[in-house]
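Asks: Sharing a sequence plus its predicted fold:
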Amino acid sequence: MFETIQGEGAHTGIPSIFVRLQGCPVGCPWCDTKHTWTLDDALVTTAQAVIAKNEESEHYFDVNENELLALFAAQGYVAKHVVITGGEPCMYDLIPLTELLHNRGYTTQIETSGTFEVRCDPRTYVTVSPKINMKGGMEVLVSALERANEIKHPIAMQKHIDELDILLEKVSSLDGKQVCLQPISQQARATELAVKTCISRNWRLSLQTHKYIGIE
Ligand SMILES: C[S@@+](CC[C@H](N)C(=O)[O-])C[C@H]1O[C@@H](n2cnc3c(N)ncnc32)[C@H](O)[C@@H]1O
Ligand SMILES: Nc1nc2[nH]cc(C(=O)O)c2c(=O)[nH]1
Ligand code: SF4
Ligand SMILES: [Mg+2]
């Protein structure tokens with residue numbers, strides 16, 4: 001849990017509270033949050049211990065939605081946008097948390113791979129970053145793509161764009177959905193390909209802006 005600026009997608013620039021949920025079975029080889037993959041009771045610690053740490057760690061804490069809101073207040077967070085990410089947040093039923101946050105005046109966003117059913121408040125902005133043919137053998141669900149407000153695809157080569165094209169054919173309509181390409185790991189060739197393709201398709205470029213300026 002931390003407060004920073006949303007660095008990716010159409011909401012780039014918005015001050016946000018990030019909640020990073022533990023556990024992910026998808027297995028992207030280039031994942032920049034591998035410390036969130038393992039769910040193991042032996043890794044559970046206190047919220048205070050996790051918040052006090054500055055470096056990435058596999059340790060995590062277990063709280064309910066009311067306790068999480070109390071932690072936001074205790075930390076003195078002022079952002080009113082909450083990004084729920086992971087790990088794979090849609091392994092969990094996010095309806096109670098997103099409903100509570102909206103009822104308390106926050107806006108919410110979920111960052112998901114689309115491999116689990118998206119269970120959240122209808123007001124939540126859902127970013128699906130499809131993961132195709134990854135090691136964990138998970139499939140992207142059409143229901144997740146249908147729910148998406150934004151489809152933000154990580155790419156490094158033309159093959160990844162071709163795979164996205166096949167996936168987008170399964171979506172009933174792209175009206176009102178933002179399609180973004182996000183270069184994997186700031187690679188120069190990936191960025192060049194993303195720029196070229198975004199211009200030719202009228203899609204959005206999503207850079208991981210937080211990495212360029214060295215913030216969380
Ligand atoms: C770490 S994931 C967590 C949420 C969810 N599991 C997912 O994949 O959407 C958050 C975002 O970071 C992106 N991402 C992860 N590693 C990346 C990398 N090396 N380069 C670019 N984007 C990356 C994912 O595609 C996703 O959009
Ligand atoms: N600043 C910042 N913006 C982000 N947008 C999505 C992120 C994620 O890891 O889900 C992320 C992140 O880790 N940091
Ligand atoms: S789905 Fe998301 S958290 Fe899971 S391995 Fe891929 S990028 Fe990482
Ligand atoms: Mg990140």
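Replies: Happy to help now that I have it. Ligands and ions are numbered 1, 2, ... in the order given.
Asks: now the helices for this protein?
Replies: 47-52, 65-75, 95-103, 142-147, 158-168, 188-201, 209-213 (DSSP state H).
Asks: who's in contact with the second one?
Replies: Outside of helix 65-75, the residues within contact range by C-beta atoms under 8 Å, 6 or more residues apart in numbering are 1, 3, 17, 19, 47, 51, 63, 96-97, 100-101, 104. Just so you know, the C-beta spots here come from the backbone N, C-alpha and C atoms, and that holds for glycine as well.
Asks: how about it: buried residues?
Replies: 68-69, 71-72 (16 or more other C-beta atoms under 10 Å).
Asks: Tell me what angle that helix forms with helix 95-103.
Replies: 50 degrees (axes from the mean of the first three to the mean of the last three C-alpha atoms, to 10 degrees).
Asks: and helix 65-75, what's its mean pLDDT?
Replies: The pLDDT scores in helix 65-75 average 98.
Asks: Please apply the same query to stretch 112-122.
Replies: Computed over stretch 112-122, the average pLDDT equals 98.
Asks: repeat for stretch 194-205
Replies: Computed over stretch 194-205, the mean pLDDT rounds to 98.
Asks: Kindly report the same for stretch 125-142.
Replies: Mean pLDDT, computed over stretch 125-142, is 98.
Asks: Return the distance of that stretch from the chain's centre.
Replies: Remark: stretch 125-142 is offset 11 Å from the chain centroid, using C-alpha atoms, centre = their mean, to the nearest Å.
Asks: Give me the nearest residue to Ser143, chain neighbours excluded.
Replies: Glu117 (6.1 Å; C-beta to C-beta, 6 or more residues apart in numbering).
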